[in-house]
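**Student:** Build me a model:
(chains A and B)
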There are 2 protein chains.
Amino acid sequence: MRARVHVTLKPGVLDPQGKAIAHALEALGFDGVADVRQGKYIEIDLKDGPGSDGSAGGAEARVSEMCEKLLANTVIENYRVEIEA
Amino acid sequence: MRARVHVTLKPGVLDPQGKAIAHALEALGFDGVADVRQGKYIEIDLKDGPGSDGSAGGAEARVSEMCEKLLANTVIENYRVEIEA
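**Tutor:** Numbers count the residues shown, from 1 in each chain, chains lettered A, B, ... in the order given. The predicted structure is shown next:
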């Protein structure tokens, strides 16, 4: 089972990395870039085992817990979990 | 118009950041993590203007060019572009 996690900065949080990309694109001659936000994309391959009931719902709960504890800084970041069978 | 770009390491390319996440999850007591790969997720807000014909296809071509020139290292990374009207 594979989980896809997107971790993005919350709206309103300053994103210097995104701003740097926007400026670099402008310097390269790409017009029409209004804003850029950069986040993280994490793919997690899960194997069945203790703590796993083999269901997508169970996997989603486990991965959400991983996000809360390690993958995302929930003060400034949002996360989104998708499970692929 | 908004473009969502995923930049991921090609299969077979070593991903130390993903390995570090996998080890950290294990240390936190999360069993059943077979593999972790980390990539980048970039949201680009495009405004209409010179070089834009307002179509999703045109936007996709422009963003693909951005990926080729700046956002992805195509030697070791793949990219995927999605356009949202």
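**Student:** helices and strands of chain A: which one bottoms out on pLDDT?
**Tutor:** helix A:56-66 (a mean of 94; mean pLDDT, DSSP states H and E).
**Student:** quick one, strands of chain A?
**Tutor:** Along chain A, the stretches classed as strands by DSSP state E are A:2-9, A:33-46, A:77-84.
**Student:** The second one near chain B at all?
**Tutor:** Read that as strand A:33-46. Yes: counting by CB under 8 Å from any CB of the partner chain, chain B has neighbours in strand A:33-46: A:33-46. Placement of C-beta: from N, CA and C, glycine included.
**Student:** Most neighbours among these, which one?
**Tutor:** Of all the residues of strand A:33-46 next to chain B, the most densely surrounded is residue A:44 (28 neighbours; neighbours counted as other CB atoms under 10 Å in any protein chain shown).
**Student:** who are the neighbours in contact with the residue nearest to residue A:54 when sequence neighbours are not counted?
**Tutor:** Among residues not flanking residue A:54 along the chain, residue A:48 sits closest, at 5.5 Å (CB to CB, 6 or more residues apart in numbering or on different chains). Contacts for residue A:48 (CB atoms under 8 Å, 6 or more residues apart in numbering or on different chains) come out as A:1, A:54, B:32.
**Student:** tell me the least confident of these?
**Tutor:** Of all those, residue A:54 carries the smallest pLDDT score, 77.
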